[in-house]
Structure formats: structure tokens, C-alpha cells
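1. Structure here, sequence nowhere to be found:
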């Protein structure tokens, strides 16, 4: 699932289920002040304008979710490389 925006062009791969590693920390209370911004609620039209060419919109009665077409990150990289090779021909 797409969980945020990145100001750069490329995607960032991350696992939201993994806990942040707290090794080699210098300040004892630096992670306590972490504040999350509330999610951006978008309508169906806004979601359709927002999604990229490699993303899909899942519509359920209660929610709208944006996700990647190819879920596996390695398969996504292979598909991108093959698409670039076809475009170069």
C-alpha cells in the first residue's frame, strides 16, 4: 500500500511493520517527541488524480486505498528495467 508522499521522483521501499532500531542513540528522549500528521482524506476523484501509472486504486464500501500494481519490490524493479529496455529499442 502507498503510505506517504516523497518529494523525489523515485519510490522509497519500507516496511511499516518493522520497529525502528534504537541502537547507537545519543539523546535519551529524542524519539518521544515524534508526532504523526493525520492522514489526508481524499475523495474518489482526488485519488484518481493522485495515483501514478504503476499504481491501482482499491475501492471498498468503507475506504479508498492506493497500492502498487506489482506488490513485490524485486519484481517491480525487474518490470521497470524491462520497460526501459523496450523503450530504448
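-> Looks like it came in fine. Quantities reported herein were computed from a predicted structural model and do not represent experimental measurements.

2. And the strands in this protein, which stretches?
-> 55-59, 64-68 (DSSP state E).

3. will you turn the ones you listed into a markdown table that also has mean neighbour count?
-> Bear in mind the C-beta positions are built from the backbone N, C-alpha and C, glycine included. Listed next are the strands of the chain as a markdown table, based on neighbours: other C-beta atoms under 10 Å:
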| stretch | mean neighbour count |
| --- | --- |
| strand 55-59 | 13 |
| strand 64-68 | 15 |
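
4. what's the burial count for residue 35?
-> Using other C-beta atoms under 10 Å, the number of residues around residue 35 comes to 4.

5. could the strands of the chain go into JSON lines alongside distance to residue 48 and mean pLDDT?
-> JSON lines is the format used below for the strands of the chain (distance: least, C-beta to C-beta, whole Å; pLDDT from 0 to 100):
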{"stretch": "strand 55-59", "distance to residue 48": "6", "mean pLDDT": "93"}
{"stretch": "strand 64-68", "distance to residue 48": "10", "mean pLDDT": "91"}
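
6. Residue 39 is nearest to which of those?
-> Taking C-beta to C-beta, strand 64-68 is the member of the strands of the chain nearest to residue 39, at 11.2 Å.

7. which residues touch the closest one?
-> The contact list for strand 64-68 (C-beta atoms under 8 Å, 6 or more residues apart in numbering) reads 1-2, 42, 44, 47, 50-51, 54-58, 76.

8. Can you tell me how far residue 61 is from residue 39?
-> Distance from residue 61 to residue 39, counting by C-beta to C-beta, to the nearest Å: 18 Å.

9. between the two, who's got more neighbours?
-> Legend: neighbour count by other C-beta under 10 Å for residue 61 and residue 39, higher for residue 39 (8 against 4).

10. buried sites along the top helix by length along the chain?
-> In the chain, taking DSSP state H as the definition, the longest helix is helix 73-88. Within helix 73-88, the residues that count as buried by 16 or more other C-beta atoms under 10 Å are residue 76.
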